[in-house]
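Q: Any chance you can model this:
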Amino acid sequence: MGTVLVTGGTGTLGRAVVERLSDKDRTRVLGHQSEAPFASGVDVVKGDLTTGRGIHEAVAGVDSIVHCASAPRNSRMVDVEGLIESDLLPWTIVRTTQFHDLVLGIIQSEETDADAAVSVPAGMRFQSIDVGPDTRFGRT
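A: Predicted structure coming up:
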C-alpha cells in the first residue's frame, strides 16, 4: 500500500481521483485549504503550487503523484513547473481533453434547455470526457 499525492484534489477531476484512491491507498491532497471535505484517512496538506509553499511537505514520503491541478491563467507554472518537473520522482504528463461539465456549461450559457439545438462555430471540434459518475447525465 503506497501513499499517493493528488494535486488539485478539490477540483472536478481531483475530487473524483481522491474518491477512488481513498479506499485503496493512503491518499494525500495538496490544497489551498487544510480543511477540505474528504473521507477520513485522507491527509490534506495546505500549499500553493505558484509559490511553492507546502510542496516539500506534500511530497515527503509519497510513492506517486497524480497531478490534477490546473490554472488556466498561469498554466505553465502550475500545470508543469509547479510540481512535476521540479520533483525527483520519475514523471509522465498525460494531457486530457475538456470535461463534460465544461461542455454542459457552454450549452447552459446559451440559455437553452438540454434538448434544444445549440449553435456551434464552423470547424469547432471537441471530444469531452467524463471524470466519473454524474447523475446530471443520467448515470450513477
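
Q: and the next element down the chain from the lowest-mean-pLDDT helix or strand in the chain?
A: Lowest on mean pLDDT, DSSP states H and E among the helices and strands of the chain sits helix 75, with a mean of 69. The element immediately downstream of helix 75 (helix or strand, assigned by DSSP states H and E) is helix 100-109.

Q: and that following helix, which residues are buried?
A: 101, 103 (16 or more other Cβ atoms under 10 Å). Placement of C-beta: from N, CA and C, glycine included.

Q: Output the contacting helices and strands for that helix.
A: Here helix 100-109 touches no other helix or strand, going by 3 or more Cβ pairs under 8 Å, 6 or more residues apart in numbering; DSSP states H and E.

Q: just the CA coordinates of that helix, formatted as CSV?
A: Only the C-alpha atoms of helix 100-109 are listed here, as CSV (Å, rounded to 0.1, in the frame of the first residue of the first chain):
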residue,chain,number,x,y,z
HIS,A,100,-18.4,17.0,-19.9
ASP,A,101,-19.0,19.7,-17.2
LEU,A,102,-17.3,22.3,-19.4
VAL,A,103,-19.3,21.4,-22.5
LEU,A,104,-22.5,21.4,-20.4
GLY,A,105,-21.6,24.8,-19.0
ILE,A,106,-21.2,26.2,-22.6
ILE,A,107,-24.5,24.8,-23.6
GLN,A,108,-26.2,26.2,-20.5
SER,A,109,-24.7,29.6,-21.1
